[in-house]
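> just to be clear, the model below is a prediction. Sequence and coordinates:
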Amino acid sequence: MLASDSKQDNKKVLTRDNMNPHVRAAEYAVRGELAIKSEKLKEELAQGISHPFKSVVACNIGNPQALNQKPITFFRQVASLVEYPDLLSDENAELTSKLYPSDAIARAKLLLKHIGSIGAYSHSQGIPQIREDVAKFISGRDGYPADASKIYLTQGASAGVQLTLQMIVEHSNVGIMIPIPQYPLYTATLAVLNAKPVPYYLDESKGWGLTTEELQRSFDEAAKSGIETRALVIINPGNPTGQCLTEENMRQIVDFCHTNKVILLADEVYQTNIYMPEERPFHSFKKVLKSMGSKYEGQELISYHSISKGMIGECGRRGGYFECEGMDTSILEEIYKISSISLCPNVQGQIMVDLMVNPPKKGDASYALYQKEYDAIYHSLVSRAKKLEDTFNSMEGYSCNSADGAMYLFPQIQLSKKAVAAAKEANKAPDQFYCLAMLDATGVCMVAGSGFGQVDGTAHFRSTFLPPPELFDEFCSSIKKFHNDFMNKYRD
Ligand SMILES: Cc1ncc(COP(=O)(O)O)c(CN[C@@H]2CONC2=O)c1O
């Protein structure tokens, strides 16, 4: 008889009880209970099971192309050419020139000259020529030099954030300052790393403003409990709150970091999602830091960017980068070492980073179409953001700050005592209870404010403004109707 036959029980080696407890503790609300339930509703609709709505609207995630946003034509032309290099051969030249503009063909050839095959591993830090293009983009944007050797291409900004936080968290008493409300990539990653989140609160009454008094309060409070705070995360423009920092405020933040000896982690993935460019233009922390002179020379700063946002929305390709400023050379080597364990970021994602930072220029064959597509997406985002903000602010018990940037609105909702009691009865946070009811009634999937953190006793939810323009009015009306019915059902 085989030894294995004698094993009667099928006890699993790995269970929730004995798995890594820090992984178990991690939560990521953007794809939590509401998102999971929305997927189930989508399947039921596909099976013909009826619901009071025809389709599920995923407003829980900034995923533009999942809501019919079209990709930028030039980007996909180049991506398709590098994917099938035979199209670039002399024998196919006539056919290809009928299908593709000359600048897309030229760009694809140039990329392949640097890359060889997109099926090959690339340099672990990312393809050198693409990092040079990123450096050129950064120095052109900021007016200060950027060094390609301090730029790392990544599988989306998420991978860059996770890698750099992993570098910083030496032990479980290391604190990382995070905004409340915050994008849950940060709390989830800190949970996995068994680090201490050190929350600082954005001021909703001041357009989600951030003061250095609040930063200092948070830092000092953590220090009192023995936490060694080593970094400050700033998301600018904000997710979920959409605020865009003023240059003056940014200088104060850099000074705070310098005074308290903390690394500044600048999440700038929404740097082109700027909807009030006159009143609140985007400034990079790299530019602000370099403009502050020699006193701040050596301040450690890591800035993150991504192809998932902006007018590009190529989320699924997983492309992005982070730039290190003021970091010790030995740390740059360690970052390279960690990057090399994963071999390399995917090459199509790297190519999309190159296209993001080096798009068609005036005079190029594709420039007119590129600019037309880019502007159309931008103006549509501006108008949908405003329309949804106005819808929210027209609803009983809602108050919603405008979105200076990013892709989200984060309204506060005043729920009745009856609704709060019903939520308690259902063992749900009030905003989670409200969002579940909205999902059941309309098919619209939001993310409850409790998933981002909020001032105790308040209730919010986050919505994208990404439903397609042709469905946007219907989307707004369905939310308004749901809300009226909900408020009447639970009126005190
Ligand atoms: C502030 C912020 N940083 C980083 C990321 C990660 O982006 P990558 O796709 O480059 O890894 C996101 C994604 N935004 C998530 C995804 O969609 N909705 C969100 O809140 C984000 O909002």
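Ah, there it is. Residues are numbered from 1 along each chain as shown.
> which residues of this protein lie near the ligand?
By C-beta under 6 Å from any ligand atom, the part of the chain that sits against the ligand consists of 30, 61-63, 156-158, 183, 185, 235, 239, 267, 269, 306, 308, 315, 320. Just so you know, the C-beta spots here come from the backbone N, C-alpha and C atoms, and that holds for glycine as well.
> one more pass at 8 Å, please.
By C-beta under 8 Å from any ligand atom, the part of the chain that sits against the ligand consists of 30, 60-63, 154-159, 161, 183-185, 235, 238-240, 267, 269-270, 304, 306-309, 315, 318-320, 406-408, 447, 462, 464.
> against which helices or strands is the longest helix along the chain packed?
Taking DSSP state H as the criterion, the chain has its longest helix at helix 367-393. If contacts are counted by 3 or more C-beta pairs under 8 Å, 6 or more residues apart in numbering; DSSP states H and E, helix 367-393 sits against helix 73-83, strand 408-409, helix 469-489.
> can I get those in TSV with mean pLDDT and mean neighbour count?
Listed next are the helices and strands packed on helix 367-393 as TSV, based on pLDDT from 0 to 100; neighbours: other C-beta atoms under 10 Å:
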stretch	mean pLDDT	mean neighbour count
helix 73-83	98	20
strand 408-409	97	26
helix 469-489	96	15
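> turn these into a markdown table, columns for distance to Ala108.
Shown next, in a markdown table, are the helices and strands packed on helix 367-393 (distance: least, C-beta to C-beta, whole Å):
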| stretch | distance to Ala108 |
| --- | --- |
| helix 73-83 | 4 |
| strand 408-409 | 35 |
| helix 469-489 | 32 |
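> and those: which comes nearest Asn173?
With distances scored as C-beta to C-beta, the stretch of the helices and strands packed on helix 367-393 nearest to Asn173 is strand 408-409 (32.7 Å).
> continuing past the closest one, what's the next helix or strand?
Using DSSP states H and E, the helix or strand that follows strand 408-409 in sequence is strand 412-413.
> which strands and helices lie in contact with that following strand?
strand 398-399.
> what distance do you get for the closest residue to Asp147 other than its chain neighbours to the ligand?
Spatial nearest neighbour of Asp147, chain neighbours left out: Ala135 (6.3 Å); criterion: C-beta to C-beta, 6 or more residues apart in numbering. Remark: distance between Ala135 and the ligand (C-beta to the nearest ligand atom, to the nearest Å) = 19 Å.
> for Ala135, what are its contacts?
146-148, 151 (C-beta atoms under 8 Å, 6 or more residues apart in numbering).
> how is this structure divided into domains?
The record's domain parsing of the chain by automatic domain parsing lists 21-68+371-489, 121-357.
> look at the residue of the chain found nearest the ligand and say how many residues are nearby.
In the chain, the residue that lies nearest the ligand is Gly156 (2.7 Å; C-beta to the nearest ligand atom). When neighbours are defined as other C-beta atoms under 10 Å, Gly156 has 25 of them.
> wait, isn't it in contact with Gly320?
Yes: counting by C-beta atoms under 8 Å, Gly156 touches Gly320, with 4.8 Å between them.
> any common contacting residues for the two?
306-308, 349.
> what about those residues, which are in helices?
Using DSSP H, the shared contacts of Gly156 and Gly320 in helices are Gly349.
> most neighbours among the shared contacts of Gly156 and Gly320, which one?
Comparing the shared contacts of Gly156 and Gly320 on neighbour count, Ser306 comes out first with 30 neighbours (neighbours: other C-beta under 10 Å).
> list the contacts of it.
Contacts of Ser306 by C-beta under 8 Å, 6+ apart are 156-157, 269, 319-320.
> let's go with 6 Å and repeat that
156-157, 269, 320 (C-beta atoms under 6 Å, 6 or more residues apart in numbering).
> what's across from it in the sheet?
Gly320 (DSSP bridges).
> begin at 448 from here
Got it, first residue is 448 now, which makes that one Ser753.
> state the distance from the closest residue to Glu843 other than its chain neighbours to Asp920.
Of all residues not flanking Glu843 in the chain, Met934 sits nearest, at 5.5 Å (C-beta to C-beta, 6+ apart). To Asp920, Met934 is 21 Å away according to C-beta to C-beta, to the nearest Å.
> if we can go back for a sec, which pLDDT does the model give the residue of the chain closest to the ligand?
Gly603 carries a pLDDT value of 98.
> from Gln609, how far out is it?
10 Å.
> please apply the same query to Leu649.
23 Å.
> next: Tyr821.
Distance from Tyr821 to Gln609, by C-beta to C-beta: 30 Å.
> repeat that for Val680.
Distance, Val680 to Gln609, by C-beta to C-beta: 13 Å.
> out of these two, which sits in the more crowded spot?
Higher neighbour count among Val680 and Gln609: Val680, with 25 against 19, using other C-beta under 10 Å.
> my read is the more buried one is in a strand, agree?
Yes: per DSSP: H, G, I helix; E, B strand; the rest coil, Val680 lies within a strand segment.
> residues contacting it?
Applying C-beta under 6 Å, 6+ apart, the residues contacting Val680 are 625, 633, 712.
> is the first one in a helix, a strand, or coil?
Right, Ile625. Three-state assignment for Ile625 (three-state DSSP): strand.
> one more: the last one?
What three-state DSSP gives for Leu712 is strand.
> surely it meets Ala678?
Yes: with contact defined as C-beta atoms under 6 Å, Leu712 counts as touching Ala678 (5.3 Å).
> comparing the two, which residue is more hemmed in?
Leu712 (27 against 23).
> who's in contact with that one?
Applying C-beta under 6 Å, 6+ apart, the residues near Leu712 are 678, 680, 749.
> go on, Met624?
Listed by C-beta under 6 Å, 6+ apart, the contact partners of Met624 are 645, 647, 679.
> could the residues you listed go into TSV alongside neighbour count, pLDDT and distance to Tyr743?
Output for those, formatted as TSV (neighbours: other C-beta atoms under 10 Å; pLDDT from 0 to 100; distance: C-beta to C-beta, whole Å):
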residue	neighbour count	pLDDT	distance to Tyr743
Val645	25	98	22
Tyr647	23	98	21
Leu679	25	98	14
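> how about low-confidence regions in the protein?
By pLDDT under 70, the weakly predicted segments of the chain are 448-455.
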